[in-house]
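> pasting the sequence and the predicted model now:
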Amino acid sequence: MPVIEDIQAYEVLDSRANPTVKVQIKLSDGSMGEAIVPSGASTGSKEALELRDGDERFDGKGVLKAVNHVNESIANVILGMDAFRQSQVDNVLRELDGTKNYARLGANATLGVSMALARAGANALKIPLYRYLGGVNANVLPVPMCNIINGGAHADNGIDFQEFMIMPFGFTRFKEALRCVCEIYAILKKELQVLGYSTALGDEGGFAPHLADNTEPIELLMSCIKKAGYENRVKIALDVASSEFFKEGKYHLEGKTFSTQDLIKRYEELCAKYPICSIEDGLAEDDLEGWVKLTEALGDKIQLVGDDLFVTNEDILREGIIKKMANAVLIKPNQIGTVTQTMRTVRLAQRNHYKCIMSHRSGESEDSFISDFAVALNTGQIKTGALARGERTAKYNRLLEIERENDEFLGERF
């Protein structure tokens, strides 16, 4: 069996011009694997620590500390280990760090090593990454959840909700579902130009126009979906990211103050009026009683996704399942720190009939790891931004490659 022969980490750039960690691993049989770690803008307070330097370089956002941890502390421990023992190596990383949230080494260091090792293992066996991680069970290409209007922390435009997304359903091929979304995206750009709005892009490739409130983007999307001829085949998904405007027990948006019950009623009204199939982070991560009420109100009607609520953490998700909070979980590997921990969270969710959505971050790269990961784990859904910017299209193009290899599209249905 090949063993880990060499490991090198470097400081590279993500899509927001911030430094991030790249890791390259070489095995004793000559196989190589590399990975670039993403970074979020809207982050939950319980996420694993993203280690930054905090000095004068890059306004404190440098990652040389994390890079050095890979090249020194981590390398000293994992060199010579069996390359195919992913979970064993990941467990060594956890033990070496010794904290609950990778506060010492940094989750950006450990995840880079973990992803690069998975790639190296796949390359050693000369099989695709999704097949290496998922085996013969990896047979579901995910429905794209495309963020095409940005607000909140992903844009500077006054819209409170962070993402307005569209999801295509009922297509038999991934490429046809993707074409549908591309056509709506193109119509949206023309529509914004006609209305005199900016077509500047947010962090995730969606448009970031200055609109009146959180309803106008939905109305705009509904118009574009109809003009594209997909009125009955596309639904709307929202990422509210409500922790961003939750202060002193109240929600402050649209120039008003909402109680938890007021905001739940607002969602009920939106869902009654529009074909909304999913709401992510509808309530703040600390509004736990509110999450129970939200799930009681809408959990049997739509998908309620916990992102900041669960932060891809198996223990936190388990508590949420027991308390019946949400019915879906967003999966972001850098929230938890290793490939193995991510897989454990997905398996827990699936055993308890919670939906899973593999997700990118606002600070991304050309690395398409999450595309393979979504297929490997049969998450059925993926969030990876709009149909613009190379770091987003890299994920979609990888999924197109996987479809060609398998000649199938099997996704979630609502």
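Received the coordinates, thanks.

> where's residue 190, which helix or strand?
helix 174-194 (DSSP states H and E).

> repeat that for residue 104.
Short version, using DSSP H and E: residue 104 is in no helix or strand.

> starting at the chain centroid, how far to the helix holding residue 190?
21 Å (CA atoms, centre = their mean, to the nearest Å).

> show the average pLDDT along that helix.
Average pLDDT, helix 174-194: 96.

> surely residue 269 is within a helix?
Yes: assessed with DSSP: H, G, I helix; E, B strand; the rest coil, residue 269 lies in a helix.

> tell me the confidence at it?
For residue 269, pLDDT reads 97.

> and the gap between it and residue 326?
As judged by CB to CB, to the nearest Å, residue 269 and residue 326 stand 20 Å apart. C-beta coordinates here come from the backbone N, C-alpha and C atoms, glycine included.

> what's near enough to touch the residue nearest to residue 257 when sequence neighbours are not counted?
Spatial nearest neighbour of residue 257, chain neighbours left out: residue 250 (5.0 Å); criterion: CB to CB, 6 or more residues apart in numbering. Contact analysis of residue 250 by CB atoms under 8 Å, 6 or more residues apart in numbering lists 257, 258, 259.

> give me phi/psi at the second one?
As for residue 258, its main-chain torsions (degrees, to the nearest 10) stand at phi -120, psi 140.

> one more: residue 166?
Phi and psi for residue 166, reported as degrees, to the nearest 10, are phi -120, psi 150.

> quick one: it from residue 347, how far?
Distance check for residue 166 against residue 347: by CB to CB, it reads 29 Å.

> so between those two, which is more surrounded?
residue 166 (27 against 13; other CB atoms under 10 Å).

> beta partners for the more buried one?
On the basis of DSSP bridges, residue 166 is bridged to residue 146, residue 236.

> surely it and residue 221 touch.
Yes: look at residue 166 against residue 221 with CB atoms under 8 Å: they come within range, at 6.2 Å.

> so what sits against both of those two?
Shared contacts of residue 166 and residue 221 (CB under 8 Å, 6+ apart): 148, 184, 236.

> top of those residues by neighbour count?
Most neighbours among the shared contacts of residue 166 and residue 221, by other CB under 10 Å: residue 148, with 26 neighbours.

> buried only: go through the contacts of residue 250 for me.
For the contacts of residue 250, a burial check counting by 16 or more other CB atoms under 10 Å picks out residue 258.

> chain center to stretch 5-25, what's the gap?
That offset, for stretch 5-25, works out to 19 Å (CA atoms, centre = their mean).

> any idea whether residue 149 is helix, strand or coil?
Per three-state DSSP, the secondary structure class of residue 149 is strand.

> if we can go back for a sec, ok, residue 269 and residue 326, which is more surrounded?
More neighbours surround residue 326 than the other of residue 269 and residue 326, with 29 against 11 (other CB under 10 Å).

> how close does that one get to residue 354?
From residue 326 to residue 354 the distance is 7 Å (CB to CB).

> and residue 287, by the same measure?
The value you get for residue 287 to residue 354, if CB to CB is used, is 19 Å.

> repeat that for residue 324.
Counting by CB to CB, the gap from residue 324 to residue 354 is 11 Å.

> out of these two, which sits in the busier spot?
More neighbours surround residue 354 than the other of residue 324 and residue 354, with 22 against 12 (other CB under 10 Å).

> help me confirm that the more buried one comes into contact with residue 327.
Yes: between residue 354 and residue 327 there is a contact at 5.9 Å, judged by CB under 8 Å.
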